[in-house]
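# Here is my input; please provide its structure:
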Amino acid sequence: MWIRLRQIALVAQSLAPVVDDLRATFGVEVCFSDPGVATFGLENALLPFGNQFVEIVAPVQEGTAGGRYLERRGGDGGYMVITQCDDHAPRRSRVAEVGVRIAYQFSTHEYHCMQLHPKDTGGSFLEIDEQTGPGAHDVDGPWEPAGPDWKRGQRLEFVRAIAAAEVQADDPAELAARWAAITGSPLSTDASGRPTVAFDNAAVRFVPCTDGRPEGLGGIDVAVVDVAAVRSRAEARGLLGADGLVHIGGMRIALVSA
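Numbering: from 1, shown residues only. Alright, predicted model coming up:
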């Protein structure tokens with residue numbers, strides 16, 4: 001069985017500025033905006049980062065879950081870590097065995113969503129989904145949340161992948177062990193001694209809360225073809241921090257060479 005990092009979701013007060021910053025900095029384009037999220041009082045946009053996706057959601061009415069999350073975390077920031085697996089049934093069994101509730105779920109003809117309760121996972125929303133149908137297990141195969149023609153927004157000459165996600169936590173080691181138990185993925189430490197859960201195509205590392213914000217998805221690593229060019233574009237837009245990271249939508253984005 002495998003499990004891959006397929007999508008990262010951010011929540012923002014306003015959709016357009018974050019989309020514009022991502023487009024201008026990374027050269028990618030919007031591949032899909034899902035009208036279905038209006039049911040939850042949101043609007044969204046998805047941009048391909050290689051064969052993975054960054055989604056931005058923004059509230060368009062009062063009293064939404066996304067709006068409440070913005071309030072809890074003190075502004076724009078990471079919202080969800082969304083994974084793709086090859087077989088939902090054993091994943092659902094494992095989630096039940098470790099005592100994690102399902103916050104939201106649905107199935108279509110070729111897609112099965114299982115969003116886990118953040119009070120049980122800790123750190124961030126964690127979602128384990130399965131795509132079925134022709135080509136579903138290909139690394140660049142279909143992904144229903146990204147629409148029927150997601151490759152039109154892909155720019156492999158600029159961006160190749162989301163290499164890692166970074167979750168900040170009050171107790172990083174404990175939270176990493178929890179996510180490893182939920183996903184059945186290997187738990188280790190990286191070269192800097194940070195606890196890390198390894199998916200089949202990316203890692204999730206766990207770090208202390210140091211930015212004055214509570215637990216949550218704090219950043220991602222993006223594999224790009226030309227690190228210097230991306231840094232230059234980010235700097236021109238005032239998005240390059242003194243820490244050397246790109247800051248967009250309340251997220252810390254580290255650039256790594258593809």
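# ranges for the helices of the stretch 151-258 of the chain?
Secondary structure of the stretch 151-258 of the chain (DSSP state H, counting those that start in this stretch): helices at 172-183, 227-236.
# List the buried residues of the shortest one.
By neighbour count with 16 or more other Cβ atoms under 10 Å, helix 227-236 contains the buried residues 230-231, 233-234. From N, CA and C alone the C-beta is placed, and that goes for glycine too.
# for stretch 124-134, same thing?
Buried, per 16+ other Cβ under 10 Å, within stretch 124-134: 124-132.
# and that stretch, average pLDDT?
In this model, stretch 124-134 has an average pLDDT of 97.
# Whichever strand in the chain runs longest - what's its average pLDDT?
If you go by DSSP state E, the chain has its longest strand at strand 159-169. Confidence for strand 159-169, expressed as mean pLDDT, is 98.
# before we move on, the earlier item: ok, the buried residues of stretch 124-134 vs residue 224, which is closest?
Set against residue 224, the nearest of the buried residues of stretch 124-134 by Cβ to Cβ is residue 124 (23.6 Å).
# if I pick that closest one, what's in contact with it?
78-81, 118, 167, 215-217 (Cβ atoms under 8 Å, 6 or more residues apart in numbering).
# which pair in these spans the largest distance?
80 and 215 (13.6 Å).
# Look up phi and psi at residue 121.
Backbone torsions of residue 121, given as degrees, to the nearest 10, read phi -80, psi -40.
# That one: neighbour count?
24 (other Cβ atoms under 10 Å).
# and the helix-or-strand element of the chain with minimal mean pLDDT, what does it pack onto?
Ranked by mean pLDDT, DSSP states H and E, the weakest helix or strand in the chain is helix 65-73, scoring a mean of 86. Helix 65-73 sits against strand 3-11, strand 52-59, strand 77-85, with contacts defined as 3 or more Cβ pairs under 8 Å, 6 or more residues apart in numbering; DSSP states H and E.
# in it, what's buried?
65-67, 69-70, 73.
# Need the residues that contact it.
11-13, 40-42, 57-59, 76-77, 79, 213-214, 216, 250.
# Can I get that helix as CSV, trimmed to CA atoms?
Taking Å, rounded to 0.1, in the frame of the first residue of the first chain, the C-alpha atoms of helix 65-73 are listed here in CSV:
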residue,chain,number,x,y,z
ALA,A,65,-15.6,26.6,9.3
GLY,A,66,-12.9,28.3,7.2
GLY,A,67,-13.6,31.6,8.8
ARG,A,68,-13.5,30.2,12.3
TYR,A,69,-10.1,28.6,11.5
LEU,A,70,-8.8,32.0,10.3
GLU,A,71,-9.8,33.4,13.7
ARG,A,72,-8.2,30.6,15.7
ARG,A,73,-4.9,30.9,13.9
